[in-house]
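Visitor: no sequence on hand, only this structure:
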């Protein structure tokens, strides 16, 4: 049972690591690397088992397998530090759960071979279903928002120490291993359930906060749209009032035969009429209102706006969610412009529709940026960075690629669907 359980845990643990983490490499590369690591570890485990026997192999199992798998996680995962440790310890916990549940079923059925196969098949299927349908989506939703990962790793680390240091025997070899280890595993899974409930609560609160921000943004954008319409109507009323005076002046110039002055008067009147036109940034009303609000806010703060945008007829994400993406990007850009001299305050917003929607927002950058392991800027002050986290969450949800660069004193955010 040692060799079956140990080898199966290597395969299952590696698969869980790949399924649980958010990989930064293509799936084909990750699974190929996982297959190579599994083959190497299985060969090493077989040699150690042949040379040292079951007992020493059981004691040395974590030392042989876990450092390489932890390095493998570091290689494939977008997350680093304590988040990575949490991913690894979670996989260890559920591998033990599969092993212990299957081992107990095997013992209760009289140590028949079919019971071991059935136990591993059924429990593994249930655990993988739980991982794919519940834990992984839940974890990926909150990994960027939740803090306190060292504290969350503590109960899993205690469990790890008990399993490998205090009771290294396999289930069935002694009273402690047969009763205490499964009981402690069940307790650890219960604690993990509490953590999952905490994760779900954080996700609900985060979504509620994002919904509130969306409503506030839509309210502000609608108010800005109403103000824009009111201003435009006021300008049209003034122009309509002044039109008769201009027509009288034009008639006098024509009667006097001063054609150059008449043409100049007509040109001036045309330019005044063009100024009263409302700008249409795009056909989608929510996006158009967002651009109206933030471009007007930028101009009020002395920021020059350079915008060229084209959107496909069918947007790759709901318009309300896409407007939040633009709102966060433009709000960050306007704030950054406020930190540089007025002559450097230029904001660029681009959107192209073909071959797929790609967005670019750039602005001047007043100070050097600190980047995290994934290539995103780290907030330099408490309370900042929420907008960038929201953008990353949006990209993860809708399968977009997000890239941040800072070259020649300008920060650039690019999002491609």
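Guide: Nice, I can see it. This one's a predicted model, so the numbers in the text were calculated from it and none came from an experiment.

Visitor: now the helices for the stretch 1-150 of the chain?
Guide: Using DSSP state H, counting those that start in this stretch, the helices assigned to the stretch 1-150 of the chain run over residues 2-20, 27-76, 82-108, 113-130, 136-142, 149-161.

Visitor: and residue 196, which of the ones you listed is closest to it?
Guide: helix 136-142 (6.5 Å; C-beta to C-beta). C-beta: built from backbone N, CA, C; applies to glycine.

Visitor: for the closest one, packing partners?
Guide: Counting contacts by 3 or more C-beta pairs under 8 Å, 6 or more residues apart in numbering; DSSP states H and E, helix 136-142 is packed against helix 2-20, helix 181-255.

Visitor: swap the cut-off to 6 Å and go again
Guide: helix 181-255 (3 or more C-beta pairs under 6 Å, 6 or more residues apart in numbering; DSSP states H and E).

Visitor: mind showing which ranges of the stretch 301-417 of the chain have poor pLDDT?
Guide: 373-374, 379-385 (pLDDT under 70).

Visitor: typo on my end, it should be the stretch 51-200 of the chain
Guide: In the stretch 51-200 of the chain (pLDDT under 70), the answer is 144-145, 165-179.

Visitor: switch to 50 and redo it
Guide: Within the stretch 51-200 of the chain, no range satisfies pLDDT under 50.

Visitor: so which residues of the stretch 301-417 of the chain form strands?
Guide: 304-309, 346-352, 358-364, 401-407, 410-416 (DSSP state E, counting those that start in this stretch).

Visitor: partners of the first one, with directions?
Guide: Strand 304-309 has the following sheet partners, assigned by DSSP bridges: strand 346-352 (parallel).

Visitor: list of residues touching stretch 23-36?
Guide: 14, 18, 76, 78 (C-beta atoms under 6 Å, 6 or more residues apart in numbering).

Visitor: swap in stretch 61-80?
Guide: Contacts of stretch 61-80 (C-beta under 6 Å, 6+ apart): 6, 10, 17, 21-25, 30, 37, 41, 84, 88, 164, 373-374.

Visitor: show me which of those is closest to residue 334.
Guide: Nearest member of those to residue 334, counting by C-beta to C-beta, is residue 374, at 24.7 Å.

Visitor: returning to what we had before: list only those of the contacts of stretch 61-80 flagged as buried.
Guide: Buried by 16 or more other C-beta atoms under 10 Å: 6, 10, 17, 21, 22, 23, 30, 37, 41, 84, 88, 164, out of the contacts of stretch 61-80.

Visitor: if you drop the residues flanking it in sequence, what lies closest to the last one?
Guide: Looking back up the chat, that one is residue 164. residue 62 (4.7 Å; C-beta to C-beta, 6 or more residues apart in numbering).

Visitor: from residue 53, how far off is the one you found?
Guide: 17 Å (C-beta to C-beta, to the nearest Å).

Visitor: the two: who's more crowded?
Guide: For residue 62 versus residue 53, the count of surrounding residues by other C-beta atoms under 10 Å is larger for residue 62: 16 against 11.

Visitor: wait, which of the buried ones among the contacts of stretch 61-80 is closest to residue 103?
Guide: Out of these, the member with the shortest distance to residue 103 (by C-beta to C-beta) is residue 6, at 12.0 Å.

Visitor: kindly check the end-to-end length of stretch 74-85 for me.
Guide: 9 Å (C-alpha to C-alpha, to the nearest Å).

Visitor: relative to the whole chain's centre, how far out is it?
Guide: Distance of stretch 74-85 from its chain centroid, counting by C-alpha atoms, centre = their mean, to the nearest Å, is 15 Å.

Visitor: buried set for it?
Guide: 76, 77, 78, 79, 83, 84, 85.

Visitor: same question for stretch 290-300.
Guide: For stretch 290-300, using 16+ other C-beta under 10 Å, the buried residues are 290, 291, 292, 293, 294, 295, 296, 297, 298.
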